[in-house]
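K.L.:
Would you be able to build a 3D model of this:
(2 chains)
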Amino acid sequence: DIQMTQSPSTLSASVGDRVTITCRASQSISSWLAWYQQKPGKAPKLLIYKASTLESGVPSRFSGSGSGTEFTLTISSLQPDDSATYYCQQYNTYLTFGGGTKVEIK
Amino acid sequence: EVQLVESGGGLVEPGGSLRLSCAASGFTFSNAWMSWVRQAPGKGLEWVGRIKSKTDGGTTDYAAPVKGRFTISRDDSTNTLYLQMDSLKTEDTAVYYCSPHYCTSTTCYNYFEYWGQGTLVTVSS
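P.N.:
Below is the predicted model of the structure:
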């Protein structure tokens, strides 16, 4: 099974900050990686697929990069509405989610 | 507009059974691969299992923790997905979401553009 490890598990940043979340796969997954945003009590929302393709309607301050085993999700200028938990998910072999990164606004 | 409505959750004792349903609309259900994903209280997301479209064989795959206990099925005539859960354990307590896989005209991928609101299953004595 492919394991996905996210870091950090929690981060606190100020409005306007650049925020980066890292996701590492236990083996190469090429670019078969998605990112989701989840707010409390809500279903996840797809942000990015194929490592760097922005889902329609997602603000351009979100971006994804990486391939192989190391990936990043970047929020270029953190907004209050971005307070949420973010999950990576590989879909190279079946699918596996990372443990999540909770983003808090200072 | 894609809509996914899960139902059937509730309280069940360890060792018991429960069947969840997911009513789908707004897309061609019969062509869709469908998955169940769960989330234990305060925890992360965990894939439960998948059923492919009948065109692609209608086969099912399951995550290791539920294999042999859970069964996914579909009724394309009513656009409904099911999750039969048997021999339930306390660690199966979670919100269960259904979701169609993202599919192009030629390929389906194992990620999700749309999600239901989820249904809570609590396994406790």
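K.L.:
Which pLDDT value does the model give B:T107?
P.N.:
You'll see B:T107 listed with a pLDDT of 89.
K.L.:
residue nearest the centroid of the chain?
P.N.:
Just going to use chain A. In chain A, the centroid-proximal residue (CA atoms, centre = their mean) is A:W35; its distance is 4.1 Å.
K.L.:
ah, I was thinking of chain B
P.N.:
If you average the C-alpha coordinates of chain B and look for the closest C-alpha using CA atoms, centre = their mean, you land on B:W36, 2.5 Å from that point.
K.L.:
Apart from its neighbours in sequence, what residue is nearest it?
P.N.:
Of all residues beyond its chain neighbours, the one nearest B:W36 is B:V48 (4.0 Å), with distances taken as CB to CB, 6 or more residues apart in numbering or on different chains. No exception for glycine: its C-beta is placed from N, CA and C like everyone else's.
K.L.:
wait, does the least confident helix or strand in chain B by mean pLDDT contact chain A?
P.N.:
Ranked by mean pLDDT, DSSP states H and E, the weakest helix or strand in chain B is strand B:108-112, scoring a mean of 93. Yes. When contact is scored as CB under 8 Å from any CB of the partner chain, part of strand B:108-112 falls within range of chain A: B:Y109, B:N110, B:Y111, B:F112.
K.L.:
Up against chain B, what does chain A have?
P.N.:
Within chain A, the positions lying close to chain B (CB under 8 Å from any CB) are A:1, A:32, A:34, A:36, A:38, A:43-46, A:49, A:55, A:87, A:89, A:91, A:94-100.
K.L.:
Now a ChimeraX select for only the buried ones of those residues.
P.N.:
This is the ChimeraX syntax for the buried subset of the residues of chain A next to chain B, where burial follows 16 or more other CB atoms under 10 Å in any protein chain shown:
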select /A:32,34,36,38,43,44,45,46,49,55,87,89,91,94,95,96,97,98,99,100
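K.L.:
In strands, which of the residues of chain A next to chain B fall?
P.N.:
The subset of the residues of chain A next to chain B located in strands under the criterion DSSP state E comprises A:A34, A:Y36, A:Q38, A:K45, A:L46, A:Y49, A:Y87, A:Q89, A:T96, A:F97.
K.L.:
could you list every residue that touches the third one?
P.N.:
The one in question is A:Q38. A:P44, A:K45, A:A84, A:T85, A:Y86, A:Y87, A:G100, B:L45 (CB atoms under 8 Å, 6 or more residues apart in numbering or on different chains).
K.L.:
Reformat those as TSV; add pLDDT.
P.N.:
Output for these, formatted as TSV (pLDDT from 0 to 100):
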residue	pLDDT
A:P44	97
A:K45	97
A:A84	98
A:T85	98
A:Y86	98
A:Y87	98
A:G100	98
B:L45	98
